[in-house]
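K.L.:
predicted model and sequence below, questions to follow.
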Amino acid sequence: MNALLEAQGLSKTFTLHGRGGVQLPVFTGVSLQVAAGECLALTGRSGSGKSSLLRCLYGNYGATQGEIDLLHRGRRLRLTQAAPREVIEARRDTLGYVSQFLRVIPRVPALDVVAQPLRQRGVGPGEARARAGEWLARLNLGERLWQLPPATFSGGEQQRVNIAHGLIAGHPILLLDEPTASLDAANRRVVVQLIREACARGAAVVGIFHDEEVREAVATRCLDVEAFR
Ligand SMILES: Nc1ncnc2c1ncn2[C@@H]1O[C@H](COP(=O)(O)OP(=O)(O)OP(=O)(O)O)[C@@H](O)[C@H]1O
């Protein structure tokens, strides 16, 4: 397997059980390959299925048809058929995901939220917190906020905590759902730089970037999801 992430013939149809089983087809027959150092941007109109495709690639949504393969610890893992334990391991070591919104954990300070992916990989608490601080500083999150839970943070502050949490572990594959949506121009530039650095270290990135400038700055290729309706 040359690519770090591959999908073949992926389709997604939602079945709305609360609506008498109405079928909502979103995309059909998506195939993609993303190699180390590439950044594939998903494009298409609102509602075309970009976030749903990204969620399938993370294993959050089950694909209706098709297969997803990852290079996980040097061997191919078929995510679409993986056991829950394998999906958890793949997310810990291989697949990073930055969603649009932070999943706030009550009472956990921002520094510990960001340090958590390193703690899960066996890094000691002191080192994990120190590295979390470096990421938060890089993302211009004021140090006065580090010891506070992010529940009351502004949208842009929460998003920066989310980005730091998603990137800190250096996952080989990164899935980014509008990582710059709530950010000002200066912080957008920081995130563009971080994505470029991830590609330069050999990460395979798939992302949704509504901001055209950001997309042009980071994407090495685009995939129009709308073409698969
Ligand atoms: N969990 C779900 N259950 C039912 N329908 C869903 C679900 N998630 C998404 N959809 C539907 O799938 C379609 C695609 O949604 P999706 O969020 O993937 O689009 P998108 O291209 O990311 O849109 P946007 O650019 O507005 O974020 C929409 O019609 C949406 O209503």
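P.N.:
In hand now; what should we look at?

K.L.:
is it true that residue 209 touches residue 222?
P.N.:
No: in this structure residue 209 lies outside contact range of residue 222 using CB atoms under 8 Å: 9.7 Å. The C-beta positions use only the backbone N, C-alpha and C, and glycine is treated the same way.

K.L.:
tell me which of the two has more neighbours.
P.N.:
Neighbour comparison, residue 209 and residue 222: the larger count goes to residue 209, with 28 against 15 (by other CB atoms under 10 Å).

K.L.:
ok, for that one, nearest residue in space, not its chain neighbours?
P.N.:
Computed as CB to CB, 6 or more residues apart in numbering, the closest residue to residue 209 that is not its neighbour in sequence is residue 215, at 4.0 Å.

K.L.:
any stretches of this protein with poor pLDDT?
P.N.:
1 (pLDDT under 70).

K.L.:
any chance you could map the strands in it?
P.N.:
5-16, 22-34, 39-43, 65-72, 75-78, 95-98, 173-177, 204-208, 221-224 (DSSP state E).

K.L.:
the ones you listed into TSV, with extra columns for distance to residue 187?
P.N.:
Below are these laid out as TSV (distance: least, CB to CB, whole Å):
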stretch	distance to residue 187
strand 5-16	27
strand 22-34	25
strand 39-43	19
strand 65-72	30
strand 75-78	34
strand 95-98	14
strand 173-177	15
strand 204-208	16
strand 221-224	23
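
K.L.:
residues from this structure in reach of the ligand?
P.N.:
14, 24, 26, 44, 46-52 (CB under 6 Å from any ligand atom).

K.L.:
and the nearest residue to residue 79 once chain neighbours are set aside, how many neighbours?
P.N.:
Leaving out its chain neighbours, the residue that sits closest to residue 79 by CB to CB, 6+ apart is residue 68, at 4.3 Å. Residue 68 has 21 neighbouring residues, counting by other CB under 10 Å.

K.L.:
report the beta-bridge partners for residue 68.
P.N.:
residue 7 (DSSP bridges).
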